[in-house]
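Chemist: No sequence on hand, only this structure:
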């Protein structure tokens, strides 16, 4: 593995461990500055949560005692120049299906300090720390089009696993919705989700949201199940969902599921196949939007490059496309 200082040039700063008690607010400012163009409402809320936590010493002390179980940026590294944080990397531990997963996030370098090896130094330090913790692998996401970051991660051993596009629509767009309703195929009917379509829906969900992706999404298929088992799970867990199925005659074309999200954003999950997805998208998404509160923003995560024109015809816009990358540490066989 590349040593931390080998790629640094023209800099006299220093790399050190992130200290939440004094760094959190400065890191929030840096992340907001570096990702201003791609922050959505949830991203801005995330920044605000970081600032609120920085003002609450009692919460910070509690959180740092449980850093391995808190999905907040409470571990990582920063780069300082003359006492000012100009670079940051967060290490976020997650648990999915009983497995410990580490995510590298918030890799940010102030613009005037870029191309000096700071991001490489931060990432290398993080990889050494994560490997020291006994992890089998580590994940990160990089925006499609960020060629410099993509090249950096490739040289460090990361491999692309998938590309995912987040589509979104903003609440209050009833005029746009009316125009999209006119583009729906006329020979397709929409009904409430039925139990007999679940097996096909689950198979399509597994294809569109495979295990190496779903661990970092808010998708919980247990909450989507029909019948008594799904009903009891939702009662006991407090989960909510609404679902609609599109059919051409007796042929199921797809199912769209709605689940509540954060204060600003709810989620849609699309179960369909490449064969049917254009018709399913054009039919189901306007229908779902028509039957959900107009004030709510919606997002839908989907494999990049699929159904692009259909999503646009349904009134959705691309928020961003992310490349999901994984590094498997040598000598370790990580689970798929």
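Modeler: Okay, I see it. Just so it is clear, the structure is predicted and the values come from calculations on it, not from any experiment. Numbers count the residues shown, from 1 in each chain.

Chemist: could you point out which element follows the helix or strand harbouring residue 59?
Modeler: Assigned by DSSP states H and E, residue 59 belongs to helix 57-65. Remark: after helix 57-65, the chain's next helix or strand is strand 76-81, criterion DSSP H and E.

Chemist: Does anything pack onto the next helix or strand after that following strand? Which helices or strands?
Modeler: Per DSSP H and E, the first helix or strand lying C-terminal to strand 76-81 is strand 84-96. Secondary-structure packing of strand 84-96 (3 or more C-beta pairs under 8 Å, 6 or more residues apart in numbering; DSSP states H and E): helix 20-34, strand 76-81, strand 99-109, helix 118-132. Heads up, the C-betas are built off the backbone N, CA and C, glycines and all.

Chemist: Of all those, which one comes closest to residue 239?
Modeler: strand 99-109 (22.0 Å; C-beta to C-beta).

Chemist: Name the residues of the closest one that are buried.
Modeler: Neighbour counts using 16 or more other C-beta atoms under 10 Å place 101-109 of strand 99-109 among the buried residues.

Chemist: residues in contact with that strand?
Modeler: Under the criterion C-beta atoms under 8 Å, 6 or more residues apart in numbering, residues 27, 30-31, 33-35, 73, 76, 79, 86-95, 118-119, 122-123, 126, 130, 133, 135, 137-141, 149, 215-216, 335 lie in contact with strand 99-109.

Chemist: What pairs with that strand, parallel or antiparallel?
Modeler: Using DSSP bridges, the strands paired with strand 99-109 are strand 84-96 (antiparallel), strand 137-143 (parallel).

Chemist: how about those, which one is nearest residue 227?
Modeler: Of all the strands paired with strand 99-109, strand 84-96 comes closest under C-beta to C-beta, at 25.3 Å.

Chemist: tell me the average confidence for that closest one?
Modeler: Averaged across strand 84-96, pLDDT comes to 90.

Chemist: Please shift the residue numbers so they start at 59 in all later answers.
Modeler: Done: numbering now begins at 59, and the last item shifts to strand 142-154.

Chemist: now the angle between helix 78-92 and that strand, please.
Modeler: 100 degrees (axes from the mean of the first three to the mean of the last three C-alpha atoms, to 10 degrees).

Chemist: Quick check: buried residues in strand 142-154?
Modeler: Applying a neighbour-count criterion of 16+ other C-beta under 10 Å, the buried positions in strand 142-154 are 143-151.

Chemist: Pick out the most distant pair among these.
Modeler: Largest separation among the buried residues of strand 142-154 by C-beta to C-beta: 144 and 151, giving 25.3 Å.

Chemist: State the next helix or strand along the chain beyond the lowest-mean-pLDDT helix or strand in the chain.
Modeler: None of the helices or strands of the chain scores lower by mean pLDDT, DSSP states H and E than helix 232-239, at a mean of 50. Using DSSP H and E, the helix or strand that follows helix 232-239 in sequence is strand 247-250.

Chemist: In JSON lines: the helices and strands packed on strand 142-154, plus distance to residue 284 and mean pLDDT.
Modeler: JSON lines is the format used below for these (distance: least, C-beta to C-beta, whole Å; pLDDT from 0 to 100):
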{"stretch": "helix 78-92", "distance to residue 284": "41", "mean pLDDT": "90"}
{"stretch": "strand 134-139", "distance to residue 284": "42", "mean pLDDT": "95"}
{"stretch": "strand 157-167", "distance to residue 284": "28", "mean pLDDT": "91"}
{"stretch": "helix 176-190", "distance to residue 284": "40", "mean pLDDT": "96"}
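
Chemist: Of all these, which one is nearest residue 339?
Modeler: Nearest to residue 339, of the helices and strands packed on strand 142-154 and by C-beta to C-beta, is strand 157-167 at 29.3 Å.

Chemist: report the angle between the axes of that closest one and helix 176-190?
Modeler: Between strand 157-167 and helix 176-190, the angle comes out at 160 degrees (the same axes, to 10 degrees).

Chemist: and the contacts of strand 157-167, which are buried?
Modeler: 85, 88-89, 92, 131, 134, 137, 144-151, 176-177, 180-181, 184, 188, 193, 195-199, 207, 273-274.

Chemist: Let me have the strands paired with strand 157-167 in JSON lines, extended by distance to residue 172.
Modeler: Output for the strands paired with strand 157-167, formatted as JSON lines (distance: least, C-beta to C-beta, whole Å):
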{"stretch": "strand 142-154", "distance to residue 172": "9"}
{"stretch": "strand 195-201", "distance to residue 172": "15"}
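
Chemist: so what are the domain limits for the chain?
Modeler: Using automatic domain parsing, the domains assigned to the chain come out as 72-193, 223-381.

Chemist: how about the helices in the stretch 209-358 of the chain?
Modeler: For the stretch 209-358 of the chain, the helices defined by DSSP state H, counting those that start in this stretch occupy 232-239, 256-266, 269-272, 285-295, 335-349.
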